[in-house]
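Peer 1: just to be clear, the model below is a prediction. Sequence and coordinates:
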Amino acid sequence: MSECSHVAELPRPEPVPSALTCSECLALGSHPVQLRMCLECGYVACCDSSPHRHATAHHHSTGHPVMRSFEPGETWRWCYVDGSIV
């Protein structure tokens, strides 16, 4: 894992999750495969293994750079800008 400048810019403490699952998938009647949470705003969305890739879409629409796994027992974070685990 590497550090990036975006991690240092994240709000502390971590934002409150916006939901317990991907609300966009629920609205579409789709099933999210795995969940991710935006570390800028707390938005919870599905990963790129899900049909609609809402977490990546959130990054593209907001520019928020870092998300983390929202799966139990997982703590890794991904920086979309740097394209790496941080």
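Peer 2: Received the coordinates, thanks.
Peer 1: so for stretch 22-35, what gets flagged as buried?
Peer 2: For stretch 22-35, burial by neighbour count (16 or more other Cβ atoms under 10 Å) applies to 22, 24-25, 32, 35. Using the backbone N, CA and C atoms, a C-beta is placed for each residue, glycine as well.
Peer 1: and what of stretch 64-82?
Peer 2: Buried, per 16+ other Cβ under 10 Å, within stretch 64-82: 64-70, 77-80, 82.
Peer 1: same deal with stretch 45-65?
Peer 2: Buried residues in stretch 45-65 (16+ other Cβ under 10 Å): 45-47, 50, 52-56, 58-59, 64-65.
Peer 1: and which of those is nearest residue 8?
Peer 2: residue 65 (11.2 Å; Cβ to Cβ).
Peer 1: now the strands for the protein?
Peer 2: Assigned by DSSP state E, the strands in the chain fall at 35-38, 44-46, 66-69, 77-79, 84-85.
Peer 1: redo those as a markdown table? Include distance to residue 6 and mean pLDDT.
Peer 2: Output for the strands of the chain, formatted as a markdown table (distance: least, Cβ to Cβ, whole Å; pLDDT from 0 to 100):
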| stretch | distance to residue 6 | mean pLDDT |
| --- | --- | --- |
| strand 35-38 | 12 | 98 |
| strand 44-46 | 18 | 98 |
| strand 66-69 | 5 | 97 |
| strand 77-79 | 5 | 96 |
| strand 84-85 | 10 | 92 |
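Peer 1: distance to residue 17 added to these, as CSV?
Peer 2: Below are these laid out as CSV (distance: least, Cβ to Cβ, whole Å):
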stretch, distance to residue 17
strand 35-38, 6
strand 44-46, 5
strand 66-69, 10
strand 77-79, 15
strand 84-85, 20
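Peer 1: any idea which of these gets closest to residue 7?
Peer 2: Checking the strands of the chain against residue 7 by Cβ to Cβ gives strand 66-69 as the closest, at 6.2 Å.
Peer 1: having no further points to raise, I will conclude here.
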